[in-house]
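*Asks:* 3D model of this:
(chains A and B)
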There are 2 protein chains.
Amino acid sequence: MSDSALFGPDNLPYGLFSTPDRPGHRRIGVRFGDDVLDLGAAAAAFGSPHADVLRAPSLNPLLALGRPGWQEVRSRLRAWLTDDAHRETAARHLLPLAEVRLHLPFEVADYVDFYASEHHATNVGRIFRPDGDALTPNWKHLPIGYHGRAGTVVVSGTPVVRPQGQRKPPNEPLPVFGPSRRLDIEAEVGFVVGAPSPLGAPVGMAGFRDHVFGVTLLNDWSARDLQAWEYVPLGPFLGKSFATSVSPWITPLDALDAARVAPPRRDAPLLPYLDDGADGADGIEPGGFDLRITVRLNGHVIAEPPFSTMYWTAAQQLAHMTVNGASLRTGDLYASGTVSGPEPAQRGSLLELTWGGREPLELPDGKRAFLEDGDEVVLTAWAPGPEGTRVGLGEVRGRVEPAAGAA
Amino acid sequence: MSDSALFGPDNLPYGLFSTPDRPGHRRIGVRFGDDVLDLGAAAAAFGSPHADVLRAPSLNPLLALGRPGWQEVRSRLRAWLTDDAHRETAARHLLPLAEVRLHLPFEVADYVDFYASEHHATNVGRIFRPDGDALTPNWKHLPIGYHGRAGTVVVSGTPVVRPQGQRKPPNEPLPVFGPSRRLDIEAEVGFVVGAPSPLGAPVGMAGFRDHVFGVTLLNDWSARDLQAWEYVPLGPFLGKSFATSVSPWITPLDALDAARVAPPRRDAPLLPYLDDGADGADGIEPGGFDLRITVRLNGHVIAEPPFSTMYWTAAQQLAHMTVNGASLRTGDLYASGTVSGPEPAQRGSLLELTWGGREPLELPDGKRAFLEDGDEVVLTAWAPGPEGTRVGLGEVRGRVEPAAGAA
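*Replies:* Down below sits the predicted model:
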């Protein structure tokens, strides 16, 4: 299936673009095949009631519309691109994807990262605590998460400068300073909050569709050596905060209806606010998504993590994140945590793929335990769409640059 | 010394206010004694070159000006309020503090919380890990920090709804759900970033004055029972994210020149990017601040934490936070962590003051281990100003409301 076919009329993800002749003029675009629809211009041409929102220099006003608005915009948009009566007009506002520059599509409010793959958490536990329990006692009772740095969320294509910092070699008495030697990736799926919620009012799993606008692929770059030294007792900080890359395209939740699947069977009892009945028996729609991720390193496929295997769902994460009364803002981004499946070739981080660096990957261009300067990582993904079609998520690409001041 | 004297011409903190007749019209104000100067109106009257920035509905454009702009605005402002030639004009734009409503003064970008008091970290370590080392091995080598939730930073006076969530009673097999039973405070000092920095470029300690605009008092409300169950391995999340209260007034760094003090002697070697020579011998200005905090619970003084005892300084925290290349944004807020001094009456949290709840405070209106519904906590602070004056920080007030849905 061609790349273009992943972005058909059942997908229609939103992004932000500019053209070389007007680099400062950021506009909302919709990917359609290998083209981008200038949404503001099309909205004006068709007399859309949402023209103001669609002419904004960011997705945030569209995100803030809420679900009825999202559905109306999507329905009109689809008609513009596919109805015989409109297609000619719409075509005047299509630009070749290859000729535009894509930007970070929304202003990130808070960024939260979860840890929702049982396979990933188990692998990490075994690597770092070989003599202890692989999972912490809380793991099956709540979706563990933490806040990351919203200000360093960058769009696909942004170079990733190797971070410097402290690491503690096991046989040295003191920490040393320098460029990270264990730079890694984490293949994740991000969820973008559109509709805000007031302080003090938990949202609950049933609020997932009303509050979450869409989905993005995400690479949570991680410096394992910095992280290992800093993270006790308050969690990851500089080992993660230097960069988090996201796709330029946000796929609306409605485009993933055919990809809804039941999450894996849970083997510990869930408190009511997290109990999704797993099979949807309690009237809650299946919380999993059948997203198939591919991780490429310098062009070679190194992993194919299946998102359908995640223990905790995005709806549970939303319910947990707000159960204490924390409010949501338009532009909040929360990510799944590393997606790893049960098979070795389904692991979403080099840490796992090389088992802590001890079993380097054998690539045509050499061995890799962790990332080297110049390495390029590309995440892609697709999901089943209606009637045998596929819905693509936008790719997340990043190349590692040498540390600042390094030779 | 009267409260009014804490806000004299050497202080001049900035805030955001509205008046009852125009509740939607938020304006920048400067506290002067018991009055508020309508800064935008004054700037227009005096023909200030910064009138546009000073008429904004948030401090963010002023924060973004950078240090030369901050100094120019402050110098003019001081002249308007104190020069004989201007005072009469300025007085026309003074409003009684009691007649205005104060708002969150800036849009918080990222919020980071540190853990910089050796006394606090030692107390917490002793309470939670009585058989282990009080401090983790990394504590004296780097200022431990984590990202908190920016979207739930609220202004003084905002009610704090008791959070609900999971806790794990030690003698139960499974976690239980309900309102937090160990709701606590953390008396902290926050630093507000004005000038941004680019991704990939560490700022360093020497950049402190150029990037940090000012200081605010901060109460990092904490649900100890939620936190204890959730925080391994990725740090605090819901135990903190329900609310963080800040003062409505941001005191400019320049107002705290007389309060600069050397930090305590460090007893572990510091890596170069954190080595401040402690006594300023290396040409770096003293990194500590002599801020004297008072914590009141229902009107009774329960602690007087001295900020001068903090092991890690705000300049070191800034250097650490950006050493991996993380960028700064206008509106970033980073807090010191709980301020606790060496004496029992100097501890900035109930966790420490009551030693994990085992030694409740005896107050005139009853015992307190942790906060009860209806309790009100007020933080205030002052610092030495020039020539025997005092510079006050704005107060942080918050009352605990019952959990949502609780009887």
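*Asks:* Pull the contacting residues for the closest residue to chain B within the stretch 151-300 of chain A.
*Replies:* Using Cβ to the nearest Cβ, residue A:235 is the residue of the stretch 151-300 of chain A that sits closest to chain B, at 2.3 Å. In short, each C-beta sits where N, CA and C put it, glycine included. If you count contacts by Cβ atoms under 8 Å, 6 or more residues apart in numbering or on different chains, residue A:235 has them with A:146, B:146, B:231, B:233, B:234, B:235, B:236.
*Asks:* dump the residue contacts of the nearest residue to the second one once chain neighbours are set aside.
*Replies:* Same thing as residue B:146. Of all residues not flanking residue B:146 in the chain, residue A:234 sits nearest, at 4.2 Å (Cβ to Cβ, 6 or more residues apart in numbering or on different chains). Shown in contact with residue A:234 (Cβ under 8 Å, 6+ apart): B:115, B:144, B:145, B:146, B:231, B:235, B:236.
*Asks:* again with residue A:335
*Replies:* With contacts defined as Cβ under 8 Å, 6+ apart, the neighbours of residue A:335 are A:111, A:112, A:113, A:114, A:148, A:188, A:189, A:190, A:191, A:218, A:220, A:244.
*Asks:* Am I right that residue A:290 is in contact with residue A:309?
*Replies:* No. Counting by Cβ atoms under 8 Å, residue A:290 does not reach residue A:309; the two are 9.9 Å apart.
*Asks:* who's more crowded, these two?
*Replies:* residue A:309 (21 against 17; other Cβ atoms under 10 Å in any protein chain shown).
*Asks:* give me phi/psi at that one?
*Replies:* Backbone torsions for residue A:309, taken as degrees, to the nearest 10, come to phi -90, psi 0.
*Asks:* wouldn't it be in contact with residue A:343 here?
*Replies:* No. Applying Cβ under 8 Å, one finds residue A:309 not in contact with residue A:343, separated by 9.7 Å.
*Asks:* Return the residues of the stretch 201-350 of chain A in contact with chain B.
*Replies:* Taking Cβ under 8 Å from any Cβ of the partner chain as the contact definition, the stretch 201-350 of chain A meets chain B at A:201-202, A:223, A:226, A:229-239, A:241-243, A:269, A:271-273, A:320-321, A:323-329, A:332.
*Asks:* Mind checking which of those land in helices?
*Replies:* Judged by DSSP state H, helices contain the following of those: A:226, A:229, A:230, A:320, A:321.
*Asks:* Against residue B:119, how distant is the spatially closest residue to residue A:163 that is not a sequence neighbour?
*Replies:* With sequence-adjacent residues excluded and distances taken as Cβ to Cβ, 6+ apart, residue A:163 is closest to residue B:324, at 3.7 Å. Separation of residue B:324 from residue B:119 (Cβ to Cβ, to the nearest Å): 28 Å.
*Asks:* of the two, who's got more company?
*Replies:* Neighbours were tallied for residue B:324 and for residue B:119 using other Cβ under 10 Å; the higher tally belongs to residue B:324 (29 against 23).
*Asks:* quick one, phi/psi of the residue of the stretch 151-300 of chain A closest to chain B?
*Replies:* phi 100, psi -180.
*Asks:* Residue A:398 belongs to a strand?
*Replies:* Yes. Assigned with DSSP: H, G, I helix; E, B strand; the rest coil, residue A:398 falls within a strand.
*Asks:* Briefly note if stretch A:368-376 comes near chain B.
*Replies:* No. Stretch A:368-376 lies apart from chain B when judged by Cβ under 8 Å from any Cβ; the minimum separation is 13.7 Å.
*Asks:* Any idea how many residues pack against the nearest residue to residue A:140 once chain neighbours are set aside?
*Replies:* If the residues on either side of it in the chain are set aside, residue A:140 comes closest to residue A:268, at 3.8 Å by Cβ to Cβ, 6+ apart. Neighbour count for residue A:268, taken as other Cβ under 10 Å: 10.
*Asks:* how much space between residue A:268 and residue A:276?
*Replies:* 14 Å.
*Asks:* returning to that earlier point: most surrounded residue in the contacts of residue A:335?
*Replies:* Neighbour counts for these, by other Cβ under 10 Å, peak at residue A:188, which reaches 30 neighbours.
*Asks:* which residues does it contact?
*Replies:* Counting by Cβ under 8 Å, 6+ apart, residue A:188 touches A:113, A:217, A:218, A:219, A:220, A:335, A:336, A:337, A:338, A:339, A:348.
*Asks:* could these go into CSV alongside secondary structure and pLDDT?
*Replies:* Formatted as CSV, these follow (DSSP: H, G, I helix; E, B strand; the rest coil; pLDDT from 0 to 100):
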residue, secondary structure, pLDDT
A:113, strand, 98
A:217, strand, 98
A:218, strand, 98
A:219, strand, 98
A:220, coil, 98
A:335, strand, 98
A:336, coil, 98
A:337, coil, 98
A:338, coil, 98
A:339, coil, 98
A:348, coil, 98
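*Asks:* now, among the residues you listed, which is nearest to residue B:179?
*Replies:* Closest approach to residue B:179 among the contacts of residue A:188 (Cβ to Cβ): residue A:113, at 26.9 Å.
*Asks:* For the stretch 251-400 of chain A, which segments count as strands?
*Replies:* A:251-252, A:260-261, A:288-289, A:292-297, A:300-303, A:333-335, A:361-363, A:366-368, A:376-384, A:390-401 (DSSP state E, counting those that start in this stretch).
*Asks:* for these, which one sits closest to residue A:8?
*Replies:* When these are compared by Cβ to Cβ, strand A:390-401 sits nearest residue A:8, at 8.1 Å.
*Asks:* Who does that closest one pair with, and is each partner parallel or antiparallel?
*Replies:* Taking DSSP bridges as the criterion, strand A:390-401 forms sheet pairs with strand A:160-161 (parallel), strand A:376-384 (antiparallel).
*Asks:* How about the contacts made by residue A:199?
*Replies:* By Cβ under 8 Å, 6+ apart, the contact set of residue A:199 is A:325, A:326, A:327, B:152, B:154, B:158, B:161, B:243.
*Asks:* How about the third one: what's its closest non-neighbour residue?
*Replies:* With Cβ to Cβ, 6+ apart as the criterion, residue A:327 has its nearest non-adjacent residue at 4.3 Å, and that residue is residue A:199.
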